[in-house]
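Participant: Give me the fold of what follows.
(one chain, ligands or ions: 1)
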Amino acid sequence: MLEVVRYPHPTLRHKSKPLRRVDGEVEKIVAEMFDLMYRENGVGLAANQVDLPYRLFIINLEADPQKAEEFVFINPVIARRGGAVEAEEGCLSFPDIFAPVKRPAKVAVSAYNLSGEEVEYQLDGLFARAVQHEYDHLDGVVFIDRLSSAALFSVKEALTDLELEFQGRRQRGSIPGDDRIFARLAELESLRAICD
Ligand code: ZN
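Facilitator: Residues are numbered from 1 along each chain as shown. Below you'll find the model as predicted:
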């Protein structure tokens with residue numbers, strides 16, 4: 001069963017590897033990720049937020065399978081970025097933390113979908129923002145890295161609370177040590193990712 005990992009879990013800082021192929025196992029992972037994302041009321045979810053080291057994220061802009069289309073981005077590449085716009089963001093790995101982030105307003109992104117076909121989108125608005133936020137996750141970048149110093153200051157206390165919660169869970173043994181986390185990621189990469 002997949003679970004959303006929260007800041008400061010080390011997998012959130014792991015640079016994900018491209019998937020070798022889209023197979024039944026990837027389909028299963030994606031289906032589980034959508035279930036989890038809807039349960040948590042999110043519009044996007046990246047693989048390393050569920051403790052998996054793959055270049056894969058999903059998006060549904062309404063957080064509801066009845067209301068909007070489901071998008072799967074496998075091995076995505078952002079080819080072009082344009083403009084700049086600031087808007088509030090949140091993240092399932094940072095519960096109850098919201099802050100303004102400035103990002104390019106438009107992006108062109110290509111990726112593979114769940115049928116293994118190459119797809120390309122020219123995006124703006126919330127879709128462009130969500131894609132950039134999730135794409136950052138794959139590189140181990142999280143939205144608080146992109147906050148102004150004033151915005152970062154305003155969420156500092158909430159971040160400290162999450163850090164203490166993480167340390168507590170680790171002391172109780174419900175989160176393994178870094179060595180075990182990294183060994184597991186390496187094993188999952190050797191199974192399904194392109195490693196160099
Ligand atoms: Zn996020």
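
Participant: Can you show me the helices along this structure?
Facilitator: Under the criterion DSSP state H, the chain contains helices at 24-39, 125-138, 149-171, 178-192.

Participant: most packed of those?
Facilitator: Counting by mean count of other Cβ atoms under 10 Å, helix 125-138 has the highest mean neighbour count of those, with a mean of 20. Where you see a C-beta, it was placed from the backbone N, CA and C, and this is true even at glycine.

Participant: Could you pull up the contacting residues of the most centrally placed residue in the chain?
Facilitator: Nearest residue to the geometric centre of the chain (Cα atoms, centre = their mean): Ala46, 2.7 Å. Neighbouring residues of Ala46 by Cβ atoms under 8 Å, 6 or more residues apart in numbering: Ser16, Leu56, Phe57, Glu134, His137, Leu138.

Participant: how close does the fourth one get to Gly168?
Facilitator: I take that to be Glu134. Distance, Glu134 to Gly168, using Cβ to Cβ, to the nearest Å: 28 Å.

Participant: quick revisit: pipe the contacts of Ala46 into a markdown table and attach pLDDT per row.
Facilitator: Shown next, in a markdown table, are the contacts of Ala46 (pLDDT from 0 to 100):
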| residue | pLDDT |
| --- | --- |
| Ser16 | 97 |
| Leu56 | 98 |
| Phe57 | 98 |
| Glu134 | 98 |
| His137 | 98 |
| Leu138 | 98 |
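
Participant: residues near the residue nearest to Ser154 when sequence neighbours are not counted, how many?
Facilitator: Nearest residue to Ser154, sequence neighbours excluded (Cβ to Cβ, 6 or more residues apart in numbering): Ala99, at 6.8 Å. Residues lying near Ala99 (other Cβ atoms under 10 Å) number 20.

Participant: returning to that earlier point: could you work out the most separated pair of the contacts of Ala46?
Facilitator: Using Cβ to Cβ, the two most remote members of the contacts of Ala46 are Ser16 and Glu134, lying 10.9 Å apart.
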